[in-house]
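S.K.: Pasting the sequence and the predicted model now:
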Amino acid sequence: GDSVTQMEGPVTLSEEAFLTINCTYTATGYPSLFWYVQYPGEGLQLLLKATKADDKGSNKGFEATYRKETTSFHLEKGSVQVSDSAVYFCALLNAGNMLTFGGGTRLMVKP
Amino acid sequence: DAGVIQSPRHEVTEMGQEVTLRCKPISGHNSLFWYRQTMMRGLELLIYFNNNVPIDDSGMPEDRFSAKMPNASFSTLKIQPSEPRDSAVYFCASSPSGASTDTQYFGPGTRLTVL
């Protein structure tokens, strides 16, 4: 079945550092890929998405590129802020309309 | 525009009691999803409705769990009887059409504690 693997956290960075959170997936067909963010005590919010190979999703300084050849969708940001501290989830959506989530990666940004 | 609305936000109950969680999807969305989040198992899809009809309930853990969607603007997830292992955060999400490129929009969740 479909699966998503994320790097385990927590990831601790200083403000303005470069961020990469790795995400790889296993799926049949051509899924859409998503990054969701969950702030403490809140629900999941869509951060960005990509629906086909080589698409780049971007939002709020975050980027991820859909790499079919490496089955990856790594999340990057050039300069993180304290307000980016949250849990980040990589997910895929297959033709059956079921989101499969990775385990989540907690990011902590220190001033 | 209002997002997905869930109630209650927090629920504390005793083992054996019936629990009902409620969800109002975004107006105009045709698909609705119930998820459960725990530390041990992460985020799991429980059930998915399209146009008020249950399409996939393979994630529902057992017969104690049931979900309904009587109309396009309301859904319930019921646990009867509840058990301590049901303690989790339950999220409802909706999407516009159910297409595989659709974004699912999540509610704030209901934190359930079963004592």
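M.R.: Received the coordinates, thanks.

S.K.: what about the residue nearest to the spatial centre of chain B, helix or strand, and which?
M.R.: Using C-alpha atoms, centre = their mean, the residue of chain B that lies closest to the mean C-alpha position is residue B:34, 3.0 Å off. Following DSSP states H and E, one finds residue B:34 within strand B:31-38.

S.K.: about what we covered before: which residues sit in contact with the residue nearest to the centre of chain B?
M.R.: B:23, B:45-48, B:67, B:75, B:77, B:90-92 (C-beta atoms under 8 Å, 6 or more residues apart in numbering or on different chains). In this view, the C-beta of every residue, glycine as well, is placed from N, C-alpha and C.

S.K.: go with 7 Å
M.R.: B:46-47, B:67, B:77, B:90, B:92 (C-beta atoms under 7 Å, 6 or more residues apart in numbering or on different chains).

S.K.: Can I get those in CSV including secondary structure?
M.R.: Below are those laid out as CSV (DSSP: H, G, I helix; E, B strand; the rest coil):
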residue, secondary structure
B:46, strand
B:47, strand
B:67, strand
B:77, strand
B:90, strand
B:92, strand
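
S.K.: out of those, who's nearest chain A?
M.R.: For these, the residue nearest chain A by C-beta to the nearest C-beta is residue B:92; the value is 8.9 Å.

S.K.: Quick one, grab the pLDDT at the closest one.
M.R.: According to the prediction, residue B:92 has pLDDT 96.

S.K.: Perfect, that will be all.
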